[in-house]
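**Q** Whatever this is, show me its structure:
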Amino acid sequence: MEPATSAAPGTEQGGEAVPSIAQIQNLLRSKDDTSRFVGLALLKSVLDHSPDLQKDDGIVQGLWDCISPKFLGRLLKSGSQPGQDGSQSRDMLDLAVAVLHTFTVLLPETARKEERLLKKIPALTAAVLYSSKETTGVILETLLSLVSSPEGAAIFAQLGLDEISPLLEIAPEYQHVLPILQWSWQLGPSLVQDLHDRARIRLNIEQGIQALVSAFRGTDGTSLLEFLTFLSSLDLDLIPRNPPWLESVVKLIRKLSTNRPSAQSRSAYTNCAGTLLLLYPETMPNLLFRGEPSDTGKPFSFLFISLVLVDIRATLPSLLDKLNDPEYAQVSRRLTSALDILTAFIGHLIAWMEKLDSPEDGTAASTSDALNLEPDLMLKLSKSIAETISVTMEFLRDRWDASVAGAHGLHREARAGQAHTSSGSHMTLAWDSKGDNATTDPLTLSAIRAIAMWLRDDDGDALREQGAGLMDMLLELYQSSTSGPTQSNPQGLDYRLPILTALEGILRTANGIEAFASENGWSTLTKDLLGVLSSASDASTMLPGDCIRGTRIVFVLDLVMDTERSTPEQWMDVVTGVAAFDAPDDPAKLREQELVDFLVDVVWMAAKLLQGASEGMRRRYVHSGRAVRGIAERLKSAIAPASHSASELAEAIKLLDSM
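**A** Now for the predicted structure:
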């Protein structure tokens, strides 16, 4: 390719003649390696000192096309075989790396994604083994640029562990290594469809992290812990399963959190712990919360959770002031992780106490691998958790009012609209966030999870009544939830199960029942319930999660039903909806126990509503009652006669017959 322009031969620059572009191209096209090497050296010098040429995509592309890929590849490998003159081989490697780095920066984006450049990724990675410290830095900068595209990331992601081990070993010394790995493992698999290749990438990730843990031994591990949070963004099939490095990572978290951590370190261990608890809910809580003593003599679990609780209480009250600050994203991310840790700990605490209360064979709690908390420490921790939950609810109330309502409890139809300015649209209140809203903020979901777990299982009415003050927010978030990303909910945040968990506690108070009624909670939940029931007609497309949610809805509504002496007329819509259900009678369609449990619960709910109805109302709904009985009979005939579900259906039929 002829260049669009070229420097004239003999042009002076710095007292020396500058070769023309044509001369450099002729040298690069030569069959003689010495001429090619001279051409590369001249090329690097000219490009480094010619800003105008750097901006000319045509010239840059033309020069790149003149370089022999095979010759460049031999130069990259020259350092591995120094021969008689190691310094000369090192010079050839340095030049090859420098040229690649230059073109990685200057080539148009389309050219940077072509195989001609991306195929150098394996050789660049291997060259780290025998390059100087300065050249290693240039190699890493080049790799970081190449793997920033899915095409380059896919090539790196499919390298074997032995091929990337040079990078893993130097990760503690060079800050670019971890981003290279993160982008490769995160972006690369999007272009890899073969299941075998994806399984190999998952194994590379698992073994690669194990090698990183070994490499970071002797350091504080801050950067490694922060790096591990990328696991939450991987596809499910790429997340390592029961990785052997979890315990080593917990040791890093323990070491970092108990040695006066800096703000950066606190953020790293909090985010890492929160991520791993969500990814490994079966194994991670036992590792992180087990009752091993710390240097102070108190269990580490007590000290760690205390640190997390203090961080939440100290940061949340002032977080509203930072809604429009650049630091909000980082702070809210840390608090989101802290609340995820709290949720996991509450769940672990409840499970441990249940084992203590029910020491059956094989289920007794062991103090060596459980919490090992003395009664006084347990009391302190419970008080601290309760205080933190209260502060979190206060924050949510203020955050919701600022972002959505505009005033406490203001109905959505009465809320102020948005102000449209040159800088964008935002709510009319000055203290609201311009960029985010509470509905799509992950912090909101994590906060509700923690609140829900505590309100359901703690018997204190004070916090449950405070939770009743969030009823408008909870029910509106429930309605905004989706099972996956949508335009209005791009992150696909699903609040429904946590909100149902919270309602299990809140609705045990009079204030909770009153708030639920005033916010049309019955209508909100029954609409979702009937939607789940409708989809249950085709058992093949029914998701287990939907069945579980349906069962939880019935449980929550049962709490409300128990507060009424008779069934209100508006509640009978549920009976009508159940009566219209096309119940499956094929045993093959009722293999999933979650589906059977849900359908049995729905039948029982309809029967209880009919039982609580007045005589006149029952007469008006007599056909619906018969239809519900028919559904119960069909379900009973399709499941195992000796099962508990069949027994419950028989009781429901008996109740319906008694009316």
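**Q** quick one, phi/psi of residue 581?
**A** phi -70, psi 130 (degrees, to the nearest 10).
**Q** Burial check on residue 260, number of neighbours?
**A** Residues near residue 260, counting by other C-beta atoms under 10 Å, number 8. Using the backbone N, CA and C atoms, a C-beta is placed for each residue, glycine as well.
**Q** mind checking the SS state of it?
**A** Assigned with DSSP: H, G, I helix; E, B strand; the rest coil, residue 260 falls in the coil class.
**Q** Adjust the sequence numbering to begin at 103 for everything that follows.
**A** Let's use 103 as the start, then, which means that last one is residue 362.
**Q** which outside residues touch stretch 643-661?
**A** Stretch 643-661 has contacts (C-beta atoms under 8 Å, 6 or more residues apart in numbering) with 585, 598-599, 602-603, 605-606, 609-610, 624, 627-628, 630-631, 634-635, 637-638, 694, 696-697, 699-700, 703-704, 706-707, 710.
**Q** give me that answer again for 6 Å
**A** For stretch 643-661, the external contacting residues (C-beta atoms under 6 Å, 6 or more residues apart in numbering) are 598, 602, 605, 609, 627, 631, 634, 637-638, 696-697, 699-700, 703, 707.
**Q** got it, and stretch 569-577?
**A** 502, 511, 557, 601, 608, 613, 614, 617, 621, 623, 626.
**Q** Distance of the residue positioned nearest the centre of the chain relative to residue 561?
**A** Per C-alpha atoms, centre = their mean, the C-alpha nearest to the average position across the chain is that of residue 334, at 4.1 Å. Using C-beta to C-beta, to the nearest Å, residue 334 is found at 34 Å from residue 561.
**Q** got it, and residue 571?
**A** 19 Å.
**Q** quick one, which of the two is more surrounded?
**A** The residue with more neighbours, out of residue 571 and residue 561, is residue 571; 18 against 8, by other C-beta under 10 Å.
**Q** Need the phi and psi values for that one.
**A** Torsion angles, degrees, to the nearest 10, at residue 571: phi -70, psi -10.
**Q** Ends of stretch 599-619, what's the gap?
**A** Taking C-alpha to C-alpha, to the nearest Å, the first and last residues of stretch 599-619 lie 20 Å apart.
**Q** Now it: buried residues?
**A** Going by neighbour count (16 or more other C-beta atoms under 10 Å), the buried part of stretch 599-619 is 599-611, 613-615, 617-618.
**Q** how is this structure carved up into domains?
**A** 249-367, 392-459+466-514+537-621, 626-761 (automatic domain parsing).
**Q** how about JSON lines for these, with mean pLDDT and distance to residue 170 added?
**A** Below are the domains of the chain laid out as JSON lines (pLDDT from 0 to 100; distance: least, C-beta to C-beta, whole Å):
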{"stretch": "domain 249-367", "mean pLDDT": "95", "distance to residue 170": "20"}
{"stretch": "domain 392-459+466-514+537-621", "mean pLDDT": "87", "distance to residue 170": "46"}
{"stretch": "domain 626-761", "mean pLDDT": "92", "distance to residue 170": "56"}
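**Q** This protein: strands as residue ranges?
**A** 113-115, 118-120, 520-523, 526-529 (DSSP state E).
**Q** correct me, but the residue nearest to the centre of the chain touches residue 377?
**A** Yes. Shown here, residue 334 and residue 377 form a contact pair, counting by C-beta atoms under 6 Å, at 4.8 Å.
**Q** still on that earlier bit, which two in the contacts of stretch 569-577 are spaced the farthest apart?
**A** The most widely separated members of the contacts of stretch 569-577 are 511 and 557, with 19.6 Å between them, by C-beta to C-beta.
**Q** of these two, who's got more company?
**A** Set side by side, residue 511 and residue 557 show more neighbours around residue 557, with 25 against 15, by other C-beta under 10 Å.
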